[in-house]
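*Asks:* Predicted model and sequence below, questions to follow.
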Amino acid sequence: MEHSDATPFVRSSDLDPARLLAGLRPHQKQSGQSIASPFWSFDRTTWSELAQATPLPLTAADVERLRGKGERMDTTEIEEIYLPLSRLLNLYVSARRKKHRLTREFFAPLRASGHDPAPQHIPFVIGVAGSVAVGKSTTARVLREMMARWPDTPKVELVTTDGFLFPNAELARRGLTSRKGFPESYDRRALMRFLSKVKSGAEEARAPVYSHHTYDIVPGAEITVRSPDVLIVEGLNVLQPPRPRADGKVGMSVSDYFDFSVYVDAAAGDIRQWYIDRFMELKSGAFTQPDSYFHRYSELTEDEALTLAGEIWDSINAPNLRENVAPSRGRADLILTKSADHSVRRIQLRKL
């Protein structure tokens, strides 16, 4: 993981939750309307007040390197949206560590008899969810860079759930080729085993690798996560509720392993346009490489490519967003809502 050795950008005395949110005025609905919501809601201007006393830890070159296809993220977006969010998450990590320390102290008498139910170190796990093309991958990358610049969380790892998709051959065997990205196209058991190992305090956990170039799992390739301070898990369906089992009982969900979760949101029409824009950019870029899975698309005319991108969105990504991804929005701890220009216009934080 690339990591800056820049000087820590806040003092430990600044790590005060009361100071972080004090004075902010969450937006409420107009008089006469219900305001019974599990979220505090902030507009961009109000949220950005949280960043005023904190220097920006990323350079313009850093932002350019992190930006995803079709993203228009700039240093202002980093400073006004993600810098305050990284501060809040750092507070949550500190609080989680304190809770863990107190738990270990509670179990201390059992260690004398050889029982130690609480491991010494458990990573703080953050889930990042949202639609295809909404920018969740960029959000996850930026959070990784921001969190790693805090003095007490230097080791931050990022894993995407793409690596837990079934290989293309297995999808074909199951009749799921056209359902790639839907919940049933993932090896959920393997993902749950990975997260269970991480949260059990294991020294290392391994995840498969997915290639967007070959559009398939890379045989034999793995990402090894070695006891990080923070693990970010990014994927379409990471906030899906638990599934009922055959015996009628409800099992665990991926989000049961999260300490905090973020949902990146936008209007469906805007996301569709972003998907088409990204497809067109890839058509003249990555798709032109002969070994790309999508090389045949590079030979389409502009009109043909635009039509195909819209058809793919309407037949696959839109139904997945409508049926699976968007319904999980309310399960997030924080929702970032974007405008048509990709900038975040509203932030909703779950009330404590």
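*Replies:* Structure's in. What do you need?
*Asks:* what pLDDT does the residue lying closest to residue 149 once chain neighbours are set aside get?
*Replies:* Nearest residue to residue 149, sequence neighbours excluded (Cβ to Cβ, 6 or more residues apart in numbering): residue 57, at 4.5 Å. In this view, the C-beta of every residue, glycine as well, is placed from N, C-alpha and C. pLDDT recorded at residue 57 is 72.
*Asks:* Can you report how many residues neighbour residue 57?
*Replies:* As a burial measure, residue 57 scores 21 neighbours (other Cβ atoms under 10 Å).
*Asks:* helix, strand or coil for it?
*Replies:* coil (DSSP: H, G, I helix; E, B strand; the rest coil).
*Asks:* quick one: low-confidence parts of the chain?
*Replies:* 1-35, 53, 68-71 (pLDDT under 70).
*Asks:* all helices for it, in order.
*Replies:* 17-21, 44-48, 60-66, 75-77, 83-106, 108-111, 136-147, 168-174, 188-199, 268-283, 302-312, 318-320 (DSSP state H).
*Asks:* Look up how far residue 328 lies from residue 254.
*Replies:* According to Cβ to Cβ, to the nearest Å, residue 254 and residue 328 sit 10 Å apart.
*Asks:* which of those two has more neighbours?
*Replies:* residue 254 (26 against 20).
*Asks:* residues in contact with the more buried one?
*Replies:* Residues in contact with residue 254 (Cβ atoms under 8 Å, 6 or more residues apart in numbering) are 127, 161, 188, 191, 192, 195, 233, 237, 238, 239, 240.
*Asks:* And for this structure, the residue most distant from the center?
*Replies:* residue 113 (40.8 Å; Cα atoms, centre = their mean).
*Asks:* quick check: longest strand of the chain.
*Replies:* strand 216-225 (DSSP state E).
*Asks:* outside of stretch 99-117, which residues touch it?
*Replies:* Here stretch 99-117 makes contact (Cβ under 8 Å, 6+ apart) with 118, 120, 122.
*Asks:* you'd agree the second one is up against residue 201?
*Replies:* Meaning residue 120. Yes: Residue 120 is in contact with residue 201 according to Cβ atoms under 8 Å; the separation is 7.0 Å.
*Asks:* Looking at the two, which is more packed in?
*Replies:* Comparing residue 120 with residue 201 by other Cβ under 10 Å, the one with more neighbours is residue 201, at 14 against 10.
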